[in-house]
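> return a 3D structure for these sequence lines:
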Amino acid sequence: MNEDREVLKLVGARIRALRKERGYSQESLGEKGGFHFSYIGQIERGEKNVSLVNLAKIAESLDVNLIQLFAYVEEQFHFTESEIIIQEIVAMLREASPDSIHLVKNVIREILK
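As a prediction, the model looks like this:
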C-alpha cells in the first residue's frame, strides 16, 4: 500500500514541477483541464488516485506527452549543462510563433547534418 502512495506522490510531484515550469497556478491548470483547483492540489500531494483519462487531460493542459508525467522528479537528480540548455531552448520555443518554430527546426537540422 505504501508503494501505491509513493507512485501517486511521484506523479503528483512531476505534475507540480511541470505546472510551475510553465508558470501556471493550480487554478489556471484546473481551468485548462476542466478541473477544480483543489483537485489539482490533491493530485500534486499524492492524495488522489487520478484516472488515466484525467492524467491525459492534465498532460494535454501542460502541453506534454502522457509519458512525460511519469518521468519522476527526484530531489537528488542533477541536470547536465546540456540538459539545462535544452530546457531553456524548449521554454523559448513554447512562446514562439509556429513560423519561428519551423525556422528553428530547419536551422537545427542544417547545423546537425
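> centre-most residue in this protein?
L18 (3.3 Å; CA atoms, centre = their mean).
> residues near A91, how many?
12 (other CB atoms under 10 Å). All C-beta spots, glycine's among them, are computed from the backbone N, C-alpha and C.
> sorry, that was for L62
Neighbours of L62 (other CB under 10 Å): 20.
> gap between it and G30?
12 Å (CB to CB, to the nearest Å).
> one more: L18?
L18 is 14 Å from G30, by CB to CB.
> with T80 instead?
Counting by CB to CB, the gap from T80 to G30 is 34 Å.
> find the least confident helix or strand in the protein, judged by mean pLDDT.
In the chain, the helix or strand scored least confidently by mean pLDDT, DSSP states H and E is helix 81-94, which has a mean of 83.
> just the CA trace of that helix, in CSV.
Provided in CSV are the C-alpha atoms of helix 81-94 (Å, rounded to 0.1, in the frame of the first residue of the first chain):
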residue,chain,number,x,y,z
GLU,A,81,24.7,21.6,-18.7
SER,A,82,23.4,20.4,-22.0
GLU,A,83,20.0,19.4,-20.4
ILE,A,84,19.7,22.8,-18.8
ILE,A,85,20.4,24.5,-22.2
ILE,A,86,17.8,22.2,-23.9
GLN,A,87,15.2,23.1,-21.3
GLU,A,88,15.9,26.8,-21.8
ILE,A,89,15.5,26.4,-25.6
VAL,A,90,12.2,24.5,-25.1
ALA,A,91,10.9,27.3,-22.9
MET,A,92,11.8,29.9,-25.5
LEU,A,93,10.1,27.7,-28.2
ARG,A,94,6.9,27.4,-26.2
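> after that helix comes which helix or strand?
Once the chain leaves helix 81-94, the next helix or strand it forms, by DSSP states H and E, is helix 98-111.
> relative to helix 81-94, how tilted is that following helix?
For helix 98-111 against helix 81-94, the angle by axes from the mean of the first three to the mean of the last three CA atoms, to 10 degrees is 150 degrees.
> contacts for helix 98-111, please.
L93, A96 (CB atoms under 8 Å, 6 or more residues apart in numbering).
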